[in-house]
Each structure stands twice: as C-alpha cells, then as structure tokens.
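In: coordinates for the following, if possible.
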Amino acid sequence: MAACLVLTLPLEFVLGARVYRRFRALAYAVVPVVLVFSVWDIIGIVRQHWTYNPRFVTGIRLIFDMPLEELVFFVVIPICGLLTYEAVGRVLAGVRRSRRPSKADVRA
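Out: A predicted model of the protein is given here:
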C-alpha cells in the first residue's frame, strides 16, 4: 500500500491533481467507500465466507477480526484512484486548451 501511495504521490505535485489539498472533498469521497467495504468485509468474516492467511497479514486485528491491512487497503486504493483520475483530467484539460485555436487563427 505504501508503494501505491509513493507511486501516485507525484501526481499531486507534478501534475497538480490537488487531491490532498482538498481534504474535505477527499474525506467525502473516501469515507463512504471505507464504510461500505468495511461492513461488507466484516459480514464476510463473521459469516466465514473468507479468511486471511496469517503469512500475509501483520496479525493486527480490528473490530470483528478484520485485519488492519483490509482497512488500509480501503483507504489507500481510493486515494490512489482519485489522484490518478484528477491527474488525467488535468492533463486532458491541458491538451484541450492547447488544441483550441487562438482568436488570431480564427480571424485569418
């Protein structure tokens, strides 16, 4: 998860994604995802639909035996997705602006 954050962090600064700078909007986007998927995960754990291999988790368990890694995943992946989405949007907007004819070109 750290690698995902490190690899997408330049999108904030180099391409100006402005995800971390708008904390309230980030929270409005991430909190519902975390809540819905955490509830879904907990239901799956309680009903024994799935388990987690101890070799691949830290052993830190949260409410209803949910591994810490699951919560981290539900926070990190949406943030990386938002960074990517915003960065692509900024790049495409720049491309559209550069392709728009100037007023001098239109008059000619």
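In: okay, now the unreliable bits of this protein?
Out: Applying pLDDT under 70 to the chain picks out residues 101-108.
In: so where's the longest helix in it?
Out: helix 68-99 (DSSP state H).
In: and the closest residue to Val72 other than its chain neighbours, what is it in contact with?
Out: Leaving aside its sequence neighbours, Val72 sits nearest to Met1 (CB to CB, 6 or more residues apart in numbering; 5.2 Å). Every residue, glycine included, has its C-beta placed from N, CA and C. Shown in contact with Met1 (CB atoms under 8 Å, 6 or more residues apart in numbering): Glu69, Val72, Phe73, Val76, Ile77.
In: do Leu68 as well
Out: So Leu68 contacts Val57, Thr58, Ile60, Arg61, Leu62 (CB under 8 Å, 6+ apart).
In: try it again at 6 Å.
Out: Thr58, Ile60 (CB atoms under 6 Å, 6 or more residues apart in numbering).
In: so how far is Val57 from it?
Out: 8 Å (CB to CB, to the nearest Å).
In: please apply the same query to Phe13.
Out: 32 Å.
In: neighbour count for the two, which is higher?
Out: Val57 (13 against 10; other CB atoms under 10 Å).
In: verify the contact between that one and Met66 for me.
Out: No - between Val57 and Met66 there is no contact under CB atoms under 6 Å: 10.2 Å.
In: identify the contacts common to these two.
Out: Joint contacts of Val57 and Met66 (CB under 6 Å, 6+ apart) do not exist.
In: still on that earlier bit, who wins on neighbours among the contacts of Met1?
Out: Counting neighbours by other CB under 10 Å, Val76 comes out on top of those with 18 neighbours.
In: ok, that residue - contacts?
Out: Contacts of Val76 (CB under 6 Å, 6+ apart): Met1, Cys4, Leu5.
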